[in-house]
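# Sequence and predicted structure below; questions after.
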Amino acid sequence: MPRFSVIIPVYNVEPWLRECLDSVLHQTYSDWEAVCVDDGSTDRGGEILEQYASQDRRIKVIHQTNAGLSAARNTGLDNAHGDYILFLDSDDWLEPGSLDTIHSEIRSRKSETPPVDMLCFGGWRGREEEKPLPVSYTSGWDYYNHQALEHHDFPFVCVVLRCYRRQFLTDNVLRFREGILHEDNHFTPRACAAAGRVEAIPTPLYHYRLRERSIMTTRSLRSRQDMIRIANDLAALFSQRPDLDHSVVYRALTHHYQAAFLYATRDEYKALSPLVDWRLYHTVSRTRPRHRLNYTLLRYCPSLFRLITTKT
């Protein structure tokens, strides 16, 4: 079995795909496989993948009917055999020597228990560089509570800034919810709640390419609707976990609900409101007076909420 599986979902990114694949192919650490999932690309992406696979046996290509990023990542997980998993978006790229750096960190902690479930590292998002502090966390929830609400140039929820122990993902049935946008927002809190030990190194290893109209830069009605669906899911999950400190996750979920409605028009409010599980939103809004006020305004006086948020 390879040490690392790099899962690369591919959909219509022909101009950038070669740079992404080359960044893996040229890693100095050689014990890896790249699981490339062609998610129904209509450009030449599938051909490029086959060309690279014919030149290097470590590159595996799976073609499937378009089903979205989550489904492509799940297909990658189903076909990955490495001890550790990394996710690489097909318009992004890895820094040279990244796998060596990660492997050295894992090897240096080989004799320690419990094993590291997630290893976090830095990256670049455009010109902004994210450098996490080189610290250890006794649990994934400790990590979440320290980092989730901190300012990050590279959003905290992004799965691409972590290396995951594959057995940890398998044991906890950690997969991506299919059919939604912002799947990282759904995945990361669940992974943190399940993780044991988490290590963070300051080295920036990942390059995120800023593109107009990418999923992360689009705030469509569907995007807002999916944020509400994610908040409902996570609120239901964490409200049933009395073993966890809820203070941070409830604040994060309250932000999800509020962000979905921020600057929403009257018609958008009518489309969004029926999706909210108001009982769950009420549960998570209890942490701050401001959050309780926003809940009340959104449920009973949305016009005032729009007026206030537009002016602030």
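Perfect, thanks for sending it. Residues are numbered from 1 along each chain as shown.

# Contacts for the helix or strand where residue 121 lies, please.
Per DSSP states H and E, residue 121 falls inside strand 116-125. Here strand 116-125 makes contact (C-beta atoms under 8 Å, 6 or more residues apart in numbering) with 84, 98, 101-102, 105-106, 109, 129-132, 140, 143, 153-154, 160-165, 168, 191-192, 194-208, 210. Yep, even glycine has a C-beta here, placed from its N, CA and C like the rest.

# what's the host helix or strand of residue 34 packed up against?
Using DSSP H and E, residue 34 falls within strand 32-39. Packing contacts for strand 32-39, counted by 3 or more C-beta pairs under 8 Å, 6 or more residues apart in numbering; DSSP states H and E, involve strand 4-10, helix 14-25, helix 45-55, strand 59-64, helix 69-78.

# Quick one: list the elements packing against the helix or strand following the last one.
Pointing back at helix 69-78 there. The first helix or strand that comes after helix 69-78 along the chain, using DSSP H and E, is strand 84-87. On a contact count with 3+ C-beta pairs under 8 Å, 6+ apart, strand 84-87 meets strand 4-10, helix 69-78, helix 98-108, strand 162-165, helix 166-171.

# Just checking: what are the partner strands of the first one?
Looking back up the chat, that one is strand 4-10. strand 32-39 (parallel), strand 84-87 (parallel) (DSSP bridges).

# Using the three-state scheme, assign residue 176.
coil (DSSP: H, G, I helix; E, B strand; the rest coil).

# Now for the nearest residue to it once chain neighbours are set aside: which residues touch it?
Nearest residue to residue 176 in three dimensions, chain neighbours excluded: residue 70, at 3.7 Å (C-beta to C-beta, 6 or more residues apart in numbering). Residues near residue 70 by C-beta under 8 Å, 6+ apart: 176, 177, 178, 179, 180, 183.

# Straight-line length of stretch 234-254, end to end?
Using C-alpha to C-alpha, to the nearest Å, one end of stretch 234-254 lies 11 Å from the other.
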